[in-house]
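Asker: sequence-free structure coming up:
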């Protein structure tokens, strides 16, 4: 993308990022939104299934409906766009998969033999997840959401991981009320910060980072 | 940190990253590992609970045991360190929480009134999660793991999100077999790539990115 913005290096973006709770109404330039989407879907996923389903909520009506599904949190109304990260817990059974194989084969990334193996290994491994099938799809969506958040910060934008919403209501807003395969992972409003926030700090490493075994603190 | 490495900007790190499957045995300089840990725990979490429990598996014995718990994937043996991302699904009931409050109040990030509210709101909201309590803790751990992966790439290192392991066996390896509150989210070996990998590509945006409603493709 041609842009006047010189992106921050990753460590600086990570350290500068805060969870911003109020946004200006200023819209995102379309090419900047496109760059964010591109960096979001550059995230890896299990078997490259790309099982996220991302909805960019940006019309005034949809923003109002989404805010109502999220305890009326006004950041969804204020921000020019909120990314709804859904995950398809049965994506591997859908036509996407053959297209993913074809692309990877054409790119030379996956040999034909690997693809033949994946055709059986993917359904086998996904079914073996049992009642963790939803958790695994949500994990992929969270990786993509985190790509968005770090990329946005590096490009001068603000974000917030939002966990406060009613899943069935969010699904209804994005037109997926009847899709039992769709799980909502997280919402991320993106825009320009209206107010800064301070860093609440972190525990010393030794409290929750360990060496080789839980209880051997990393100091 | 003083370092000779000029970190990559976040978009470049995101685009360059591949899931690397074989690593050199070359160790990480301790100060580089420390920087990675610092950037990992800089991740946000629900209520800043920092409910990840991260184990840096690096001794030869522990690496061998962890590989055995992960279908003998040799990257765990090869890489100088593998980050095990666990999540404490009841972290809010533990003494950490008061220390987190004290730090945030001291930093001026959370007013005393907010802390008073959180003392009740956090247990209420966590209990209201019901059977999603594990999913929410795992989501926080995935955000931290993704911080690690993007930060490592920006600093010239290679990583891989690993989903192939037996949860009970991983818990036994890290000495948490008896802790019912600990969920394993993901494993991430970190080191220097022994072999490059090609990009398998991504679906066109319109396949899984939508505007306002699922089925309205973003193009």
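Answerer: Cool, the structure landed. Treat the numbers as computed from the prediction; the structure is a model and nothing was measured.

Asker: ok, residue A:41 - contacts?
Answerer: Residue A:41 sits next to A:50, A:52, A:54, A:144, B:202, B:203, B:205, B:208, B:209 when contact means C-beta atoms under 8 Å, 6 or more residues apart in numbering or on different chains. C-betas here are computed from N, CA, C, even on glycine.

Asker: and the pLDDT at it?
Answerer: According to the prediction, residue A:41 has pLDDT 98.

Asker: distance of it relative to residue B:204?
Answerer: For residue A:41, the distance to residue B:204 (C-beta to C-beta, to the nearest Å) stands at 10 Å.

Asker: equivalent analysis for residue A:15, please.
Answerer: Counting by C-beta to C-beta - residue A:15 and residue B:204 are separated by 34 Å.

Asker: again with residue A:187
Answerer: From residue A:187 to residue B:204 the distance is 24 Å (C-beta to C-beta).

Asker: which one of the two is surrounded by more residues?
Answerer: Taking other C-beta atoms under 10 Å in any protein chain shown, residue A:187 and residue B:204 do not tie; residue A:187 has more neighbours (26 against 13).

Asker: secondary structure class of the more buried one, three-state.
Answerer: strand (DSSP: H, G, I helix; E, B strand; the rest coil).

Asker: residues near the spatially closest residue to it that is not a sequence neighbour, how many?
Answerer: Of all residues not flanking residue A:187 in the chain, residue A:162 sits nearest, at 4.1 Å (C-beta to C-beta, 6 or more residues apart in numbering or on different chains). When neighbours are counted by other C-beta under 10 Å, residue A:162 registers 22.

Asker: what residues are up against residue A:162?
Answerer: By C-beta under 8 Å, 6+ apart, residue A:162 lies in contact with A:70, A:73, A:75, A:76, A:186, A:187, A:188, A:189.

Asker: got CSV for these, with pLDDT too?
Answerer: Shown next, in CSV, are those (pLDDT from 0 to 100):
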residue, pLDDT
A:70, 98
A:73, 97
A:75, 97
A:76, 98
A:186, 98
A:187, 98
A:188, 99
A:189, 98
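
Asker: most neighbours, which of those?
Answerer: Neighbour counts for the contacts of residue A:162 (other C-beta under 10 Å) peak at residue A:189, which has 29 neighbours.

Asker: low-confidence ranges, chain A, go.
Answerer: Across chain A, the ranges flagged by pLDDT under 70 are A:1-4.

Asker: sec struct for the most centrally placed residue in it, please.
Answerer: With distances taken as C-alpha atoms, centre = their mean, residue A:145 lies nearest the centre of chain A, 1.9 Å away. When classified by three-state DSSP, residue A:145 comes out as helix.

Asker: thought it was touching residue A:83?
Answerer: Yes: between residue A:145 and residue A:83 there is a contact under C-beta atoms under 8 Å: 7.1 Å.

Asker: overlap of the contact sets of the two?
Answerer: Contact with both residue A:145 and residue A:83 is made by residues A:40, A:188, according to C-beta under 8 Å, 6+ apart.

Asker: in stretch A:192-202, which residues are buried?
Answerer: If you call a residue buried by 16 or more other C-beta atoms under 10 Å in any protein chain shown, then stretch A:192-202 has these buried ones: A:192, A:193, A:194, A:199, A:200, A:201, A:202.

Asker: my bad, should have said stretch A:19-29
Answerer: Applying 16+ other C-beta under 10 Å to stretch A:19-29 flags A:19, A:20, A:21, A:22, A:23, A:28 as buried.

Asker: could you dump those into CSV with secondary structure and distance to chain B added?
Answerer: Output for the buried residues of stretch A:19-29, formatted as CSV (DSSP: H, G, I helix; E, B strand; the rest coil; distance: C-beta to the nearest C-beta, whole Å):
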residue, secondary structure, distance to chain B
A:19, strand, 5
A:20, coil, 11
A:21, coil, 12
A:22, coil, 15
A:23, strand, 17
A:28, coil, 13
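
Asker: and of these, the nearest to residue B:106?
Answerer: residue A:19 (18.7 Å; C-beta to C-beta).

Asker: who's in contact with the closest residue to residue A:111 other than its chain neighbours?
Answerer: Excluding the flanking residues, the one nearest residue A:111 by C-beta to C-beta, 6+ apart is residue A:105, at 7.7 Å. Counting by C-beta under 8 Å, 6+ apart, residue A:105 makes contact with A:111, A:112, A:115.

Asker: for the second one, give its distance to residue B:131.
Answerer: Residue A:112 sits at a distance of 42 Å from residue B:131 (criterion: C-beta to C-beta).

Asker: quick one, which of these two is more surrounded?
Answerer: Using other C-beta under 10 Å, the more surrounded residue of residue A:112 and residue B:131 is residue A:112, with 9 against 6.

Asker: and the gap between that one and chain B?
Answerer: According to C-beta to the nearest C-beta, to the nearest Å, residue A:112 and chain B sit 13 Å apart.

Asker: contacts only, for that residue.
Answerer: Here residue A:112 is in contact with residue A:105 (criterion: C-beta under 8 Å, 6+ apart).
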